[in-house]
Every structure is written in structure tokens, then in C-alpha cells.
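>>> kindly return the folded structure for what I paste below:
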Amino acid sequence: DEMAFAVRAFYKDIFDYPSLVRRGSADNNVYRNLDYASSRGFDLTLSRAPVDNFSLSVTYSYQIAKGRSSNTLAALFEPQFQLPRETRLDWDQNHTANVFATYRVGPREEGNFFGLPFVNNYGISFTWSFGSGVPFTPYRGRETVRNAYLKNNETAPYTSTVNLSFFKGFRLTESINLSATFDITNLFNRRNVIAGSIFTLTQRPPQYGDYDPDTKEIYNWADTEKRIDPILFDAPRQIILGLKLNWD
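Below you'll find the predicted structure:
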């Protein structure tokens, strides 16, 4: 009675959405209803209602998104998009998954924690988020009609984030509850690469020593201490302590 499972499939066609196309000079750009795209996939959801103080939610999604362009400016800055074929869209993330689990004992319950009686008014939760990498276009050398078909044919690294939260409440009065909170985001301090941060020549985030294979010029991505720019990644591990006052 406390479990639920759902399967949902989706399919969406997008036709004739506007694309900005260059006509002669750069000041003579016009919109034309010429691009199209499609997305399709399915979602799986498993959930458990809060029974015996424990609840759980697990979701998984699979998606394919293809089209002639990912935005309305693509045909202007990348004329090869006017070729009659589909490529992976910039936001084509094939796999995503999320897990949320929590154990909570209310302030008016008589809990039992490792054999200690009357331990109540606390909770712990765990979340995990996973996403497969989004596509990007690797270095292709001189632009030709042939390699224009290689648009978005590589995939960036996947992302994975684990968060952990804990709270312990203290009943001050019958209606006022003070909670001490302890939250850890990105528990394992994983370096998740932000979408769009891949250097196409090396197919990884820019770092000291990268160079142009044509000119042999070394790119000055980093400072003299050879550090990697932190804005290329999601936030590192953070530990947050707090207090919360509830009226109920």
C-alpha cells in the first residue's frame, strides 16, 4: 500500500520555429520558419510513502533530442545548419537519475535510536543526482561540408552529486521547536564539469599546457601557479551549520 511505480513516455515534434538567417550584409538578417527538432524518451518513478519514519523516491529519465539547431541563432553563425539533416541538440542529455531517501522522527513521537529510548525530533536525508554528459563538437580542423556533419558528436563527462543533511530538534515550548541543522553538499567533493566548459582541441576542461595544434601556440588558461580555473566546475564540497525556529 505504501509503494508506487510509474512509467511515462513522451514524444514532441517542433516544426517551423523561427531561425535567424543572414541575407547579404550583416545588417540584413531575417527570421524564417525553417528549423525543426524533436525529443522523445521515458521516465521511471519509484516512490515509498513515509512509513515507519522512512520514505524514498527514485527517478530515472531517458531522452533523445535531435534537430537542425539548438537555438534560433545557429543558422546565422553556423551556416552548415541549413543542411537537411539532424544532429544532437546542445541540451541532449540522455540519462538523468535522482534518489532521495529520508528517515525522520517527529517531535511528538517516541523514537528509539541505537537502543536509546525517547530519542526523537531528528531526521537525516540523502540525495544523489546523476546526469550523463551533454554533447559538444570536438576540434575538426578546417571547416568542410563533410565535417559539418560531426556537429555534437562527442559527449562531455557525466555529473554526479551526493548531498547529506541532518537535523536535531529541541522542543522549547508546546508550539516552538528549535532545530540545529548540518548540511553537506557535494559530499565526495566531485569535480563536475559545467556544460560548455570543454576545450574542443583536447576534449576536456582547459588547463595549463594546452596548445593550438595548427599554430603550436600555448593557451594562457592558467596563472603562473598552473591552477585550473574553478568556474569550469560546479561548486565543491560545502558544509553548512544552521539553526531553524519552527512554530507549529
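>>> any regions of the chain where pLDDT drops low?
22-27, 71-85, 110-118, 140-149, 212-227 (pLDDT under 70).
>>> looking at it, which strand is longest?
Ranked by number of residues, the top strand in the chain under DSSP state E is strand 25-51.
>>> count of neighbours near the closest residue to residue 108 other than its chain neighbours?
Closest residue to residue 108 apart from its sequence neighbours, by Cβ to Cβ, 6 or more residues apart in numbering: residue 120 at 7.6 Å. All C-beta spots, glycine's among them, are computed from the backbone N, C-alpha and C. By other Cβ atoms under 10 Å, 19 other residues sit near residue 120.
>>> hmm, residue 120 is touching residue 53, no?
No: with contact defined as Cβ atoms under 8 Å, residue 120 and residue 53 do not form a contacting pair (9.9 Å).
>>> ok, residue 198 - contacts?
Taking Cβ atoms under 8 Å, 6 or more residues apart in numbering, we find residue 198 in contact with 136, 156, 204-205.
>>> so which residues of the protein form helices?
Ranges of helices within the chain are 74-77, 145-148, based on DSSP state H.
>>> now do the strands in this structure.
Going by DSSP E, the chain shows strands at 3-23, 25-51, 54-67, 87-88, 95-105, 112-113, 116-117, 122-131, 135-136, 154-155, 159-171, 176-185, 238-247.
>>> sheet-wise, list the partners of the fourth one with their directions.
Partners of strand 87-88 in the sheet, by DSSP bridges, are strand 54-67 (antiparallel).
>>> nearest residue to the middle of the protein?
Closest residue to the average C-alpha location of the chain: residue 131 at 5.6 Å, with Cα atoms, centre = their mean.
>>> dump the residue contacts of it.
Residue 131 makes contacts with 93, 95-97, 158-160, as judged by Cβ under 8 Å, 6+ apart.
>>> does it have beta-bridge partners, and which?
residue 96, residue 159.
>>> grab the nearest non-local neighbour of residue 241.
In this structure, residue 241 finds its nearest non-sequential neighbour in residue 182, 5.9 Å apart by Cβ to Cβ, 6+ apart.
>>> for that neighbour, give the beta-bridge partners.
With DSSP bridges as the rule, residue 182 is bridged to residue 166, residue 241.
>>> quick one on the thing from earlier: of the contacts of residue 131, which pair is most distant in space?
The distance between the two most remote of the contacts of residue 131 (Cβ to Cβ) is 13.3 Å, for 93 and 160.
>>> which one's more surrounded, the two?
More crowded of residue 93 and residue 160, by other Cβ under 10 Å: residue 93, with 22 against 14.
>>> my read: the more buried one touches residue 41, true?
No: checked against Cβ under 8 Å, the pair residue 93 and residue 41 is beyond contact range at 10.0 Å.
>>> so what sits against both of these two?
residue 63.
>>> which residues does residue 47 contact?
Here residue 47 is in contact with 3-5, 55-58 (Cβ under 8 Å, 6+ apart).
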